[in-house]
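# structural data only, the sequence is not supplied:
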Ligand SMILES: Cc1ncc(COP(=O)(O)O)c(C=O)c1O
């Protein structure tokens with residue numbers, strides 16, 4: 001424990017991101033990056049923005065990027081917030097909408113979910129209650145209709161990939177609206193087969209829908225995301241951001257992000273390919289004897305037959321393939337495998353077959 005840390009930093013349990021190896025070429029199936037390149041229009045926009053104007057601060061309103069979201073989704077400019085990746089938006093949302101301190105009501109999220117949620121709760125000192133998923137790893141929405149400090153859910157859930165229906169999400173939004181509590185719905189993986197609730201933000205002023213360009217827009221390296229919600233919620237996020245850093249998105253990221261949101265036909269095509277590959281891989285894994293949870297995301301959550309999750313992870317790594325293993329109760333036996341190109345997944349499937357045979 002470092003003597004220079006304050007008591008808040010001493011108490012933190014920071015998030016551990018997936019490995020980004022530099023020493024060796026791996027088939028990288030561990031951080032849910034998109035295996036296909038970003039739209040050529042994105043690269044062009046970033047190149048165009050790389051001029052001597054970089055000496056000027058970027059637009060703190062992120063107008064061009066937010067306007068692209070307005071055109072694409074038919075929302076109002078005041079209903080859109082832009083952030084440096086959705087992680088930043090989630091961190092701001094926790095700080096803006098959930099009460100801290102030991103007397104506060106607990107924030108709700110599932111026991112198996114995006115592992116950054118408990119980290120943000122720790123950072124802001126927000127008490128939380130992790131509600132167990134059902135035995136089949138699905139979410140029972142009735143479990144979340146209890147008095148609370150608010151609710152955060154990813155749809156589809158991560159790392160399971162299992163999606164919730166729009167009706168279920170709206171019934172939760174309605175319940176929490178009556179309690180005057182915010183419901184953050186994290187749609188990081190929405191473009192891979194689930195249905196967005198973005199069109200319901202007018203109806204539910206407590207619903208904040210958070211998106212990232214890291215996964216479906218192949219821009220994990222750019223760091224851009226956005227949230228859509230009522231004017232009150234967006235204003236809350238801005239208050240936190242402007243008490244921290246008014247320029248969280250740089251000029252290059254703003255230009256690239258606006259182009260990405262505009263060129264959605266390109267992305268629909270590559271994401272269709274990812275969905276088709278996911279279906280093929282899921283089927284092949286089942287034939288090999290794996291448990292494969294029904295995924296609507298760009299990854300599959302799988303349990304190898306007759307081998308532990310950590311052992312299988314190590315065997316894949318030896319063969320130059322990186323997956324993600326979570327050393328956590330209930331999911332110790334599982335691996336999360338991002339969907340790569342057809343060729344990468346053929347190599348992955350061949351490795352799985354070989355490991356099982358040996
Ligand atoms: C459920 C979920 N939400 C949000 C994020 C963060 O995405 P980013 O900060 O890259 O936009 C991730 C990334 O893995 C995720 O899995």
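Thanks, I have the structure now. Note that the structure is predicted; figures quoted are calculated from it, not measured. Numbers count the residues shown, from 1 in each chain.
# any idea which helix or strand carries the residue nearest the centre of the chain?
The centre of the chain sits closest to residue 188, judged by C-alpha atoms, centre = their mean, with a distance of 3.7 Å. Under DSSP states H and E, no helix or strand contains residue 188.
# tell me the buried residues in stretch 283-298?
For stretch 283-298, burial by neighbour count (16 or more other C-beta atoms under 10 Å) applies to 284-285, 288, 290, 292-298. In this view, the C-beta of every residue, glycine as well, is placed from N, C-alpha and C.
# can you check stretch 263-270 too?
263-264, 266-267, 270.
# check the secondary structure at residue 337 for me.
What DSSP: H, G, I helix; E, B strand; the rest coil gives for residue 337 is strand.
# measure the residue nearest to the centre of the chain to residue 261 for me?
From residue 188 across to residue 261, the span is 15 Å (C-beta to C-beta, to the nearest Å).
# same thing with residue 117?
26 Å.
# what comes into contact with whatever helix or strand residue 65 lives in?
Residue 65 is part of helix 63-73, with elements assigned from DSSP H and E. Defining contact as C-beta atoms under 8 Å, 6 or more residues apart in numbering, one finds that helix 63-73 is touched by 75-77, 80-82, 198, 224, 226, 228, 249, 254-255, 257-259, 261-262, 264.
# only whichever of these are buried, select them in ChimeraX.
Per 16+ other C-beta under 10 Å, the buried members of the contacts of helix 63-73 correspond to this ChimeraX selection:
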select :75,80,81,82,198,224,226,228,249,254,255,257,258,259,261,262,264
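# among the contacts of helix 63-73, which are in helices?
The helices, defined by DSSP state H, take in 254-255, 257-259, 261-262, 264 from the contacts of helix 63-73.
# those residues into a markdown table, with extra columns for distance to residue 51 and pLDDT?
A markdown table is the format used below for the ones in helices among the contacts of helix 63-73 (distance: C-beta to C-beta, whole Å; pLDDT from 0 to 100):
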| residue | distance to residue 51 | pLDDT |
| --- | --- | --- |
| 254 | 14 | 98 |
| 255 | 10 | 98 |
| 257 | 18 | 98 |
| 258 | 16 | 98 |
| 259 | 16 | 98 |
| 261 | 22 | 97 |
| 262 | 20 | 97 |
| 264 | 27 | 91 |
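# from those, pick the one nearest the ligand.
Set against the ligand, the nearest of those by C-beta to the nearest ligand atom is residue 257 (10.9 Å).
# distance check, that closest one against residue 57.
For residue 257, the distance to residue 57 (C-beta to C-beta) stands at 17 Å.
# cool, residue 280 as well?
Going from residue 280 to residue 57 by C-beta to C-beta gives 47 Å.
# quick check: residues of the chain near the ligand?
Applying C-beta under 6 Å from any ligand atom, we find that the chain lies next to the ligand at 32, 85-87, 114, 154, 158, 186, 188, 212, 214, 220, 225.
# go through those and flag which are in helices.
Counting by DSSP H, these contribute 85-87 to helices.
# look up how far the ligand lies from residue 206.
Taking C-beta to the nearest ligand atom, to the nearest Å as the measure, residue 206 falls 19 Å from the ligand.
# for that residue, what are its contacts?
Residue 206 makes contact with 173, 176-177, 180-183, 230, 233 under the criterion C-beta under 8 Å, 6+ apart.
# buried residues in the helix holding residue 65?
Using 16+ other C-beta under 10 Å as the test for burial, helix 63-73 gives 64-70, 73.
# check stretch 170-184 too.
The neighbour-count check on stretch 170-184 (16+ other C-beta under 10 Å) flags 170, 172-173, 175-177, 179, 181-184 as buried.
# rebuild those residues as CSV, extending it with pLDDT and secondary structure.
CSV is the format used below for the buried residues of stretch 170-184 (pLDDT from 0 to 100; DSSP: H, G, I helix; E, B strand; the rest coil):
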residue, pLDDT, secondary structure
170, 98, helix
172, 98, helix
173, 98, helix
175, 98, helix
176, 98, helix
177, 97, helix
179, 96, coil
181, 98, coil
182, 98, coil
183, 98, strand
184, 98, strand
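# between the residues you listed, which sits nearest residue 313?
Among the buried residues of stretch 170-184, residue 184 lies closest to residue 313 (C-beta to C-beta), at 30.4 Å.
# contact partners for the closest one?
So residue 184 contacts 90, 93, 97, 150-153, 208, 210 (C-beta under 8 Å, 6+ apart).
# narrow these to just the buried residues.
Among the contacts of residue 184, those buried by neighbour count (16+ other C-beta under 10 Å) are 90, 93, 97, 150-153, 208, 210.
# which of these lies closest to residue 41?
residue 210 (24.0 Å).
# element containing the closest one, please.
Following DSSP H and E, one finds residue 210 within strand 207-212.
# which stretches in the stretch 51-200 of the chain count as strands?
Per DSSP state E, counting those that start in this stretch, the stretch 51-200 of the chain carries strands over the ranges 80-83, 107-110, 128-131, 150-154, 183-186.
# quick one, domains of the protein?
The record's domain parsing of the chain by automatic domain parsing lists 11-37+265-357, 40-264.
# can you convert these into JSON lines and add a column each for distance to residue 2?
Supplementary listing: the domains of the chain in JSON lines, determined by distance: least, C-beta to C-beta, whole Å:
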{"stretch": "domain 11-37+265-357", "distance to residue 2": "12"}
{"stretch": "domain 40-264", "distance to residue 2": "17"}
